[in-house]
Structure formats: structure tokens, C-alpha cells
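> from the sequence below, what's the structure:
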Amino acid sequence: MLVLDSSGISRLSERSPRAVALLAALRSNGLWPAIVPSPVLIEALQGNAARDASANRLLKACDVVEEIQQSLARRAAELRTMARRGSAIDALVVAAAEPGGSVLTADTADLRAIASHAHDVVVESA
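Predicted coordinates for the structure are as follows:
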């Protein structure tokens with residue numbers, strides 16, 4: 001399972017050769033479609049159709065989780081408290097990847113700090 005944060009969405013929605021290669025690798029490794037908790041959209045989008053076009057194209061190929069269960073929100077709060085850093089959405093992304101999942105991000109410092117308290121979550125650099 002692969003969970004994207006906002007910077008993961010930004011990197012993968014680029015039309016660069018690096019982004020295309022990364023998407024192909026994710027697909028061939030069975031990590032696609034990625035999961036995106038809906039609160040991540042707050043950070044990933046600007047509310048402008050033209051500016052959000054690339055991200056929206058990518059999001060159509062992802063599994064956007066509309067409803068966040070209370071147990072997941074509580075686990076995210078616990079992880080954020082233990083790590084003493086990162087945003088609530090960062091913690092939610094890590095909690096959504098538990099157990100045994102990966103997170104794709106450009107913000108590895110905060111997410112790795114949170115993931116160090118999680119059950120078997122790997123943070124990958126986007």
C-alpha cells in the first residue's frame with residue numbers, strides 16, 4: 001500500500017521524465033493506485049481549476065479516502081504527539097499507511113519522525 005501526502009501528489013503530477021519513471025515503477029511494483037486521505041487535498045490543491053489540473057489528473061487515478069474513521073484520527077493524534085513534530089495531516093498520512101505501508105513525500109524529515117513511532121511504515125522520497 002502506498003499513501004501520498006501533498007508533496008507526493010505534487011511530484012507525481014509533474015510531467016517530468018522523473019515523475020513518469022516513478023509512476024511506472026510504482027505500477028510495476030503493485031503500489032498503484034495510491035491512497036490519498038481526503039484532508040491531504042487541503043494542502044495539495046489551490047481551489048483553482050487551471051492550477052489544480054495536473055494534480056486533479058493524478059488524483060483521478062488514486063483512491064481518495066473520503067471518510068476518515070475516528071480510530072484513524074485518534075492514531076494520527078497519538079503519532080503526532082509521540083513525534084513532537086509534523087502537521088496533523090502528516091500524522092494522518094502515516095497512520096493511514098499502518099501497518100506495512102509506504103508514504104511518498106518530499107517532506108521526509110517530518111514524516112520519518114512520525115513514522116518512527118508507527119508500525120512498519122516506510123517513508124520514501126518523492
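> neighbours around the closest residue to residue 49 other than its chain neighbours, how many?
Nearest non-adjacent residue to residue 49, counting by CB to CB, 6 or more residues apart in numbering: residue 56, 8.0 Å away. C-beta: built from backbone N, CA, C; applies to glycine. Residues lying near residue 56 (other CB atoms under 10 Å) number 15.
> pLDDT wise, what is residue 56 at?
Predicted confidence (pLDDT) for residue 56: 98.
> check the secondary structure at it for me.
Counting by DSSP: H, G, I helix; E, B strand; the rest coil, the backbone at residue 56 sits in helix.
> from residue 18, how far off is it?
According to CB to CB, to the nearest Å, residue 56 and residue 18 sit 20 Å apart.
> next one: residue 39
Between residue 39 and residue 18 the computed distance is 27 Å (CB to CB).
> show me where the chain has its helices.
Assigned by DSSP state H, the chain shows helices spanning 6-13, 17-28, 40-44, 49-60, 70-83, 88-97, 108-115.
> now the closest residue to residue 101 other than its chain neighbours: how far from residue 32?
Using CB to CB, 6+ apart and skipping residues adjacent in sequence, the residue nearest residue 101 is residue 1, 3.9 Å away. Counting by CB to CB, the gap from residue 1 to residue 32 is 11 Å.
> residue 39 and residue 18: which is more packed in?
Set residue 39 next to residue 18 and count neighbours by other CB under 10 Å: residue 39 wins out with 18 against 11.
> winner for burial among the helices of the chain?
Across the helices of the chain, averaging neighbours per residue (mean count of other CB atoms under 10 Å) puts helix 88-97 on top, at a mean of 25.
> any idea of the angle it forms with helix 108-115?
Orientation of helix 88-97 against helix 108-115 (axes from the mean of the first three to the mean of the last three CA atoms, to 10 degrees) gives an angle of 60 degrees.
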